[in-house]
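*Asks:* Next come a sequence and a model predicted from it.
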Amino acid sequence: MQFTSDGGFVSNTGMRLVASICVLSVVALGQDTGIEVRLGAGIDPPRDIAGISVPKPPPGYYSPVSKSCSVIQGHGGAFSHKTLWSRYAWDFAVPPGTPVVAARAGVVVRARLAGNVGGNDQKQFGHAGNVVVVDHLDGTATSYVHLQRELLPRARVGEYVVAGEVIGAAGDTGFVVSPHLHYTVIDPRTQRSVPSRFADFKRNDGVPRKGNSVRAAPVPAVPQETMVAYKRIVRAAVAARRAGYPDLAWRFLTELHRRQIAPAYFYEKVRQALVEKTRADVERLLKDPPDDVADRLAHVLARTELAAAVPRGAHPDKAVALWVDGLRAGFLGSPWDGLASFAKARRLRDDPRFAKGARAALKSWQGEQKRRLDLTLHEATIALPWHKRRVLDDAEQWARRARDRKRLRTRLFPAEKKAASTEYRAFKERAKDVQRTLNRR
């Protein structure tokens, strides 16, 4: 990992993405990286998802916060809005945890939501703030800074968001004196702040000034929980198709039949496009099913005639059903939740595919924890006194998860007990380094 000149903290696997990368690949990479993923500076965001053109965002910017609040610093603010990157920014006074929403529809091109410290020293904390950037496909983008840390972020690079959709929560990360949201419209090519106005602020030609109150953001037509559900199943279906399991992808895509469908929502069109592609893949699989245990779920789908999602655990072979549940958790972005299923499957049958799935989940879990612990160790070097407890809690949390990983690895692969213990001790020592670093400050 390394710092970048524009305030980023980028993992080695997600530093730059070329323009030709499919947006669905970007989504999957965003799940894996954990710290930050973004499209490179000057690169246009993808214009379609699963072959469905991203709709042109309607004109006008609206309030980026979900509740009414006051402006504590406006354009050209003497404290920190004097640079080319913040001259036309606003700071909104909102309590930590207040939902932050997209001021206008667009595609997320940057998302860093792993940081957990902040303070009023720009040199130390200027690179530590959590940020989401939404590109509006017309030469402008909006930037939302100082957001709270999210272990399961809502905003994912490459995904389309509508105006009013929650993309994070207000916090106090980065260069801050108090919790607030720093918002500005930028030129995505140069990252510089550009003049803008709010369509829902009727005074001062749509430009709030310090001390003015702004109203809450308009509520989108599609409920927030529905948008979350759509994106979750699309991410999982894309991951399953890429891994070669169209039957599981079909299972994900048909889960929304049990919920209220939003016909006009962009991601319903994406889902329908993926359904058609996946249907063809599954039908080909059913015509010539391989003997491998990995594809035996297809026989269950054959009995349902592709009419509905396969109930969880429906496979008559219990070991295969458990293995499928483990795969399912991984495709949903929670491989650690699938490890228990892999362990039960291996107790029922010593199949090499079960072992392969378990090792992949362990590796993914280990990689994410290592990235987060590395970030926590860095934050320990800059944490102010009132953030020390927060940073220490993070380190203890990662150590507990490493212990859980050791136990699961030992249960899955008893012959690797010594290696699992060695790995855990090294991880625990890194967590202790966080405490030692905090004690020296």
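*Replies:* Everything's here; your move.
*Asks:* What lies in contact with stretch 423-439?
*Replies:* By CB atoms under 8 Å, 6 or more residues apart in numbering, the list of residues contacting stretch 423-439 from outside reads 366, 369-370, 373, 376-377, 380-381, 383, 388, 391-392, 394-396, 398-399, 402-403, 405-406, 409. C-beta coordinates here come from the backbone N, C-alpha and C atoms, glycine included.
*Asks:* Going along the chain, name the strands of the stretch 1-150 of the chain.
*Replies:* With DSSP state E, counting those that start in this stretch as the criterion, the stretch 1-150 of the chain has strands at 2-3, 9-10, 36-38, 48-49, 52-53, 69-73, 90-93, 99-101, 106-112, 118-119, 130-135, 141-147.
*Asks:* avg pLDDT for the last one?
*Replies:* Spelled out, it's strand 141-147. Strand 141-147 carries an average pLDDT of 94.
*Asks:* List the buried residues in the helix or strand hosting R436.
*Replies:* Using DSSP states H and E, R436 sits in helix 417-440. In terms of neighbour count (16 or more other CB atoms under 10 Å), helix 417-440 has its buried residues at 420, 423-424, 427-428, 430-431, 434, 437-438.
*Asks:* any chance of those in TSV, plus distance to S53 and pLDDT?
*Replies:* Below are the buried residues of helix 417-440 laid out as TSV (distance: CB to CB, whole Å; pLDDT from 0 to 100):
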residue	distance to S53	pLDDT
A420	48	93
E423	46	92
Y424	49	93
F427	45	91
K428	50	92
R430	46	92
A431	47	92
V434	47	92
T437	49	92
L438	50	89
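*Asks:* circling back to that earlier point, will you turn the strands of the stretch 1-150 of the chain into CSV that also has mean neighbour count and distance to G174?
*Replies:* Shown next, in CSV, are the strands of the stretch 1-150 of the chain (neighbours: other CB atoms under 10 Å; distance: least, CB to CB, whole Å):
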stretch, mean neighbour count, distance to G174
strand 2-3, 11, 13
strand 9-10, 20, 11
strand 36-38, 26, 13
strand 48-49, 20, 30
strand 52-53, 14, 35
strand 69-73, 19, 15
strand 90-93, 23, 12
strand 99-101, 24, 14
strand 106-112, 26, 10
strand 118-119, 24, 5
strand 130-135, 26, 7
strand 141-147, 25, 5
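*Asks:* Reformat those as a markdown table; add distance to Q272.
*Replies:* Putting the strands of the stretch 1-150 of the chain into a markdown table (distance: least, CB to CB, whole Å) gives the following:
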| stretch | distance to Q272 |
| --- | --- |
| strand 2-3 | 41 |
| strand 9-10 | 35 |
| strand 36-38 | 27 |
| strand 48-49 | 12 |
| strand 52-53 | 9 |
| strand 69-73 | 39 |
| strand 90-93 | 38 |
| strand 99-101 | 26 |
| strand 106-112 | 20 |
| strand 118-119 | 43 |
| strand 130-135 | 24 |
| strand 141-147 | 29 |
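*Asks:* so which of those strands gets nearest A273?
*Replies:* Nearest to A273 among the strands of the stretch 1-150 of the chain is strand 52-53; the distance by CB to CB comes to 5.4 Å.
*Asks:* are any of the contacts of stretch 423-439 buried, and which?
*Replies:* Judged by 16+ other CB under 10 Å, buried ones among the contacts of stretch 423-439: 366, 369, 373, 376-377, 380, 383, 388, 391-392, 394-395, 398-399, 402, 405-406, 409.
*Asks:* Do you have the helices of the stretch 51-200 of the chain handy? List them.
*Replies:* Assigned helices in the stretch 51-200 of the chain, in chain order: 122-125 (criterion: DSSP state H, counting those that start in this stretch).
*Asks:* in it, which segments are predicted with low confidence?
*Replies:* 78 (pLDDT under 70).
*Asks:* Do I have it right that I72 meets V94?
*Replies:* No - in this structure I72 lies outside contact range of V94 using CB atoms under 8 Å: 9.8 Å.
*Asks:* can I see the domain layout of the chain?
*Replies:* Annotated domains of the chain cover 2-214, 224-352, 359-440 [automatic domain parsing].
*Asks:* tell me which element L373 is part of?
*Replies:* According to DSSP H and E, L373 maps onto helix 352-380.
*Asks:* Lovely, talk soon.
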